[in-house]
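**Q** sequence and predicted structure, then a few things I'm wondering about:
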Amino acid sequence: MNKKNSHSTTSPRVEHLQKRVSRLKRLAKKYKRSEIIQNALLGISNIATQVKSLEDFYQRVHLHLQQLIPAENFFIAAKDLKTGLTSLPFFADLQDSHPTDLYPDQEISSLLNSGLTGYVLRNGEPLLCDEQKFNELIASGDIKSLGSPSHQWLGVPIKNQDMVSGVLVVQSYNEANTYGELELELMGFICHHISGVMERLEHHEQLEQAITERTKELSQAYDKVTIEVQERVKAEKLQKTLFEIADLSASNVLQQDFYLRIHTILSQLIPAHNCFISLIDDHNMLSFPFYVSQMTAQYPSSRPMQDGLTEYILQHKLPRLLSAKDIAQMVANGEIYSKSPELNKTERMHQWIGIPLIINGDVAGALTIYSLDDEHIYQSKDLELLTFVSQHIANAIERKQAVESLKSSHELLEEKVIERTRALAELNNNLQQEINQRRKIEDQLVHDAQHDGLTGLPNRSYLMERLSQALKHLRRHGLDQFALLFIDLDRFKIINDSFGHLEGDRFLIETAQRIKSCVRDNDTLARMGGDEFVILLDSISATDDAIEVCERILQALSMPYELGKQEFIAGASIGVAFSGRAKLVTSESLLRDADAAMYQAKANGKGCYVVFDDKLSTQSKQQHELEADFKQALDKQEFDIHYVEVVDFTSGEIIAIEPQIEWHHAEHGLIEHPKLKHLAMQYQLTLNLDGYIFAHISKQYQRLKQQYHQNVILHLSISSQHIKNKFVLRNLKNSIKASNIQPNKLMLFFNEKALVQDTENHINGFDIISQLGVQIGIDGYGTGYSSLSCLSFLPISALKLDNDISKHLLNDKQLQLVKAYQLTAETLHFDMYATTVDTQQQVRQFLELGYIRGQGRAISKLFNGKKKPTKSCA
């Protein structure tokens, strides 16, 4: 009875102890697993801080992993999230070769995606695969069998922001090496931490590559600058040499010293250890006034002309660079030294340069340089350099001979000697004056590039530079501020139309002086063009300072002007913008704000100033939105194009058509051709809009010929920007060549004012365009006051009046002026076209003035018998 009770008491205690032991074992196993994982992550972290490349990182991870689990067979697959391609940046396998060796005909990415690696990449979940699981996946078609069969295959996805960017894989071919929950968990923790390291190292490699590329670019730029500096040094050395030769020619040195100094000057440009100068005298004898040679110190004596190398140069009158092989071939061919072999001293010569000297218009001698070794190899550029310098040496010898001749006949020709000496002195003085004048011209060119030619004020380029400097100063000194005043003269166009352009120029000059008297010396007053002026008020203490300047300017400009012996009241509108504290403000945005405020001042009634504020900012924003809509409409081809007829007034025949472009804006309504061209110029899209119109009429050309007639001419007014530089001009040429339009049926019109402002580029551009068979005309005629001499030598065939001229046919003087335009065209055999002929009275006036061609709204009323073209949509 007692034994039974004792047994029953002991049994529960044993079971309890056994459960505790089992629990402690599980905890110990769990802690051991945590310790292993913790040590693994610490090891990965240490590796990440030590390595500098992904390849080194993968190798270290592999070595570290081998210390924790069986990982002799280990690889990492990486997926490019941008391209979707999979690669093997690291691969180690004791049994299989690299997949590219096993499957050389297959692309590595598709190969990996078809196996277990691709399965893990697609599912984004870890996979512990034994032979049974492997066979199931093959049977289901999820994978293909690749490589040798393994006992177990363990793959864990590497994730970057929930996107699978790779797979970490270990596999076992030996049944003794088995993977379980610990290995799966360990690989999972490693993958969780490895993605960040891989991303950092990839970024580091990309950064290193970018640094390498940038270093290469900088090195190339440095080499280019070095070459430019070397070329500049050569140019300066050449210029110095020419000056020295010029000075030497006017000096009084003896003949031998003269040639020695010539040789010294020449040696500064090119090695000339062996050099001589030969001259032909009046008796056809060849003399050597200068001779230096490494072969002999003896001067050659004068001799008759024979068949040596020097005579060869004198006979052919061309510079030559000969090698030892060339000389030997010439000797063998009997071209030289066949009659005088005793003169042949060329056996030791390596290279030989001979250049004829032109004195008094004839070949009177030669400059010769030769080398005995290859220490310095003469090249074609050396020959060109010596040929150029030899001209100045010949001039110097010519002048020296003249001086010597004068000296030898001093007793008989004293007056001629004095006259010649005076001429030489004057020549030297003229040379110095030319140098000084050239320096003045260079300084003037720099000044002209930054200043307005009429008023002498700084121009837009100079102002933008000063404005940029002011903004940089503002960012360094935050408490400072400045103001920008945009001034537009209110009645300038009336002055030009009423008093003429000459009085208009006088008005602008006097206005510039008045405005300048209202600002400080440290402020910048610039003329932006036309009747627009801008003032940069530097370092103002308060906004009231700018307001005070505005009031002074308005007061000064309100005073009467005396133009054409009459008093005239002008006035101005001023927009004011302050620098503020905004970091995003730029020179262009500040100028735009002042311009917007100026336009608001005009809208307020002119003769006042407006300070840019939030309300104007909103208007400016609307302008930006209009600009964005404009660009979008241009890209989507949402503009409409119709055609204006150009008619013969006497017969009613449509002789030409001119495309006009319109835009139906959702908010602003219909925007017509002139406003659209102005917007394009404002947004710097003039070339794009011209291209848009040209492409449309090229596409519609066959239809237009059917609608009108086969000989109809296309008038197209384009911007002078098309001929500003050779690249844009080349695009225009290519567009004309590639179009469907017959060149002789196309007439391109350029603005007269742009022609006057840049005549040189227009002349060049007109010559190139006219060679294509395209006709050229000038529109806006009567505003740019181009001279008759300018028009006479241009390849143009037509003039088209400015659109505003027809509105001013109000008195006899204006009618006589328009009549003079027609007579000008008739005298130069140009076709003259009237524009904006909107009333029947204007038609009659133009006919009375001799105009027989024109365009305008009145045309359709007067000649309504002709069929009108319908509007076409671009």
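**A** Thanks, I have it.
**Q** next, count neighbours for A695.
**A** Residues near A695, counting by other C-beta atoms under 10 Å, number 15. Glycine gets a C-beta too; all of them are placed from N, C-alpha and C.
**Q** break this protein into its domains for me.
**A** 23-208, 250-408, 477-612, 630-873 (automatic domain parsing).
**Q** could you tell me the end-to-end distance of the first one?
**A** Same thing as domain 23-208. 54 Å (C-alpha to C-alpha, to the nearest Å).
**Q** again with the shortest one
**A** When the termini of domain 477-612 are compared using C-alpha to C-alpha, they are 23 Å apart.
**Q** output the lowest mean pLDDT helix or strand found in this protein.
**A** strand 872-873 (a mean of 34; mean pLDDT, DSSP states H and E).
**Q** ok so, going back, worst average pLDDT in the domains of the chain?
**A** Among these, domain 23-208 has the lowest mean pLDDT, at a mean of 81.
**Q** distance from that one to the middle of the chain?
**A** Averaging C-alpha positions (C-alpha atoms, centre = their mean, to the nearest Å) puts domain 23-208 50 Å from its chain's average.
**Q** and I655, how close does it get to I852?
**A** Computed as C-beta to C-beta, to the nearest Å, the I655 to I852 distance reads 10 Å.
**Q** ditto for G691
**A** 33 Å.
**Q** D690: which element?
**A** D690 is part of helix 686-699, with elements assigned from DSSP states H and E.
**Q** A596 contacts S573, doesn't it?
**A** No: counting by C-beta atoms under 8 Å, S573 is not a contact partner of A596; they are 11.9 Å apart.
**Q** the more surrounded of the two?
**A** Ranked by neighbour count (other C-beta under 10 Å), A596 and S573 place S573 first, with 24 against 20.
**Q** doesn't the more buried one fall inside a helix?
**A** No: counting by DSSP: H, G, I helix; E, B strand; the rest coil, S573 is not part of a helix but strand.
**Q** give me the buried positions along stretch 120-130.
**A** 120-121, 126-129 (16 or more other C-beta atoms under 10 Å).
**Q** helices along the stretch 551-700 of the chain, start to end?
**A** Secondary structure of the stretch 551-700 of the chain (DSSP state H, counting those that start in this stretch): helices at 587-603, 614-636, 673-682, 686-699.
**Q** and the gap between L554 and D545?
**A** L554 is 15 Å from D545, by C-beta to C-beta.
**Q** for the helix or strand where D247 lies, packing partners?
**A** Taking DSSP H and E as the definition, D247 sits inside helix 181-249. When contacts are defined as 3 or more C-beta pairs under 8 Å, 6 or more residues apart in numbering; DSSP states H and E, helix 181-249 sits against helix 2-50, helix 54-66, strand 152-160, strand 163-172, helix 255-267, helix 380-408, helix 414-450.
**Q** switch to 6 Å and redo it
**A** With contacts defined as 3 or more C-beta pairs under 6 Å, 6 or more residues apart in numbering; DSSP states H and E, the secondary structure elements packing on helix 181-249 are helix 2-50, strand 152-160, helix 255-267, helix 380-408.
**Q** can you verify W352 is assigned to a helix?
**A** No: assigned with three-state DSSP, W352 falls outside any helix and is strand.
**Q** next, count neighbours for it.
**A** Residues lying near W352 (other C-beta under 10 Å) number 21.
**Q** any idea how far it lies from I277?
**A** 15 Å.
**Q** thinking again about what came up before, just put the domains of the chain in CSV and tack on distance to R422.
**A** CSV is the format used below for those (distance: least, C-beta to C-beta, whole Å):
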stretch, distance to R422
domain 23-208, 73
domain 250-408, 11
domain 477-612, 44
domain 630-873, 38
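**Q** between those domains, which one is nearest to K224?
**A** domain 250-408 (18.6 Å; C-beta to C-beta).
**Q** chain center to that closest one, what's the gap?
**A** Using C-alpha atoms, centre = their mean, the offset of domain 250-408 from its chain centre is 47 Å.
**Q** no more questions from me, cheers.
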